[in-house]
Structures are given as C-alpha cells and as structure tokens.
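Colleague: Give me the fold of what follows.
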Amino acid sequence: MSEDLRARVLAYLEKVDKVKSKDIAAALGEKKSDVDKVVKELAKEGKVEFLYIGTSYVKLVK
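Modeller: Numbering: from 1, shown residues only. Okay, here's the model as predicted:
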C-alpha cells in the first residue's frame with residue numbers, strides 16, 4: 001500500500017463527513033481500485049468505517 005496515497009486519503013476524509021470511495025479516487029486523481037485497497041486496510045486498522053445508506057460510504061472514525 002502506498003503510504004503517500006494512504007496519507008492523502010486520510011487528509012481527504014478529514015475534509016468531508018462521508019464519501020463514496022469512487023469520489024475519493026476522482027478527487028485525488030487515483031484509480032478506484034487503489035483507493036479501495038487503501039480504504040480496506042484503513043478499515044481493518046479501525047481508522048475508517050463503512051456506512052451503508054443505499055450505497056456504501058466511507059467515513060473517518062473520530
């Protein structure tokens with residue numbers, strides 16, 4: 001996992017309440033598959049959580 005991408009995803013999540021992973025990828029100019037990998041690892045570490053509201057969103061755990 002790219003540490004740079006990981007840091008950028010976390011910084012982006014600080015700015016939003018909840019967001020779809022495809023929107024994170026678009027905002028950062030990255031592939032959705034790469035963002036999905038980073039988000040999955042962050043979820044395993046308890047740093048982000050998934051919300052299922054009709055579709056899945058990612059939210060920073062505070």
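
Colleague: ok, now which ones touch the residue nearest the centre of the chain?
Modeller: Centroid-nearest residue in the chain: V39, 4.5 Å away (criterion: CA atoms, centre = their mean). Contact analysis of V39 by CB atoms under 8 Å, 6 or more residues apart in numbering lists V9, S21, I24, V48, V58. Every C-beta, even on glycine, is put in place using the N, C-alpha and C of the backbone.

Colleague: Show the residue spans covered by the helices in this protein.
Modeller: 3-15, 21-28, 32-44 (DSSP state H).

Colleague: Tabulate these in TSV, adding columns for distance to G54 and mean pLDDT.
Modeller: Formatted as TSV, those follow (distance: least, CB to CB, whole Å; pLDDT from 0 to 100):
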stretch	distance to G54	mean pLDDT
helix 3-15	20	96
helix 21-28	14	97
helix 32-44	18	96
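
Colleague: Would you reformat these as JSON lines and include distance to I53?
Modeller: Putting the helices of the chain into JSON lines (distance: least, CB to CB, whole Å) gives the following:
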{"stretch": "helix 3-15", "distance to I53": "16"}
{"stretch": "helix 21-28", "distance to I53": "14"}
{"stretch": "helix 32-44", "distance to I53": "16"}
